[in-house]
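1. Would you be able to build a 3D model of this:
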Amino acid sequence: MPFVPPFLYRLAGINAGVGAKLSIQAVRSARKGRHAFGEDCVLHCRFSFDRREAQITIGRDCFIGKSHLVAAQRITIGNDVVVSWDVTIVDHNSHSLDWKQRAKDVADWRRGKKDWTDIGIAPVTIEDNAWIGMGVTILKGVTIGKGAVVGAASVVTRDVAPFSVVVGNPARSIKRKD
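-> Okay, here's the model as predicted:
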């Protein structure tokens, strides 16, 4: 995946730290949200901002492989975080759980509007030094603690304690690290 020359970040409205490298795909998808990336990041991911007020903030020295971050409110990633390939991080349910309330979703999308009134939204936070394995899904309202490891193909529906290892669907703690 080719990287974009840093002078184009500002043209695309991206606040990127010195030494940050973003793939073309990341820059194209990051234009409509509020986002900031720290120094020396390498980002191959896509960003989707589902509401104007949505924001994605990534600390310094992070790597994110070909993954997808989807924000309606806020996704915050700390420093020295590694996110592997095919990871999805979403801070909302996307649709109401009540079929009557989501019955017009497709028609509303065609008109360029969406009613977020009855949709669950809660920020996602990944703290410093965490490692997210490939194929992981992280759902709304989750905080992944400092130094935690999330095993490949896990689905994270609840907070992950600092310095713990979680795996599975739903993700469960299997080990505590010192």
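
2. Could you find the residue nearest the spatial middle of the protein?
-> Computing the C-alpha centroid of the chain and ranking residues by Cα atoms, centre = their mean puts residue 69 first, at 3.2 Å.

3. what's near enough to touch the residue nearest to that one when sequence neighbours are not counted?
-> With Cβ to Cβ, 6 or more residues apart in numbering as the criterion, residue 69 has its nearest non-adjacent residue at 4.9 Å, and that residue is residue 89. No exception for glycine: its C-beta is placed from N, CA and C like everyone else's. Residues in contact with residue 89, defined by Cβ atoms under 8 Å, 6 or more residues apart in numbering, are 67-70, 75, 83, 124, 126, 137-138.

4. Share the number of residues neighbouring residue 94, please.
-> 15 (other Cβ atoms under 10 Å).

5. same thing with the one 5 residues further on?
-> With neighbours defined by other Cβ under 10 Å, the count for residue 99 comes to 8.

6. Residue 111 now?
-> 8.

7. Residue 107 is in what secondary structure piece?
-> helix 105-110 (DSSP states H and E).

8. Could you give the average pLDDT over that helix?
-> The predicted model gives helix 105-110 an average pLDDT of 84.

9. Was I right to think residue 93 contacts residue 119?
-> Yes: look at residue 93 against residue 119 with Cβ atoms under 8 Å: they come within range, at 5.4 Å.

10. returning to that earlier point: just put the contacts of residue 89 in CSV and tack on pLDDT and secondary structure.
-> Putting the contacts of residue 89 into CSV (pLDDT from 0 to 100; DSSP: H, G, I helix; E, B strand; the rest coil) gives the following:
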residue, pLDDT, secondary structure
67, 96, coil
68, 95, strand
69, 95, strand
70, 94, strand
75, 97, strand
83, 98, strand
124, 98, strand
126, 99, strand
137, 98, strand
138, 98, strand
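
11. of the residues you listed, closest to residue 176?
-> residue 126 (18.3 Å; Cβ to Cβ).

12. and that closest one, what does it touch?
-> So residue 126 contacts 76-78, 81, 83, 89, 132, 138, 143-144 (Cβ under 8 Å, 6+ apart).
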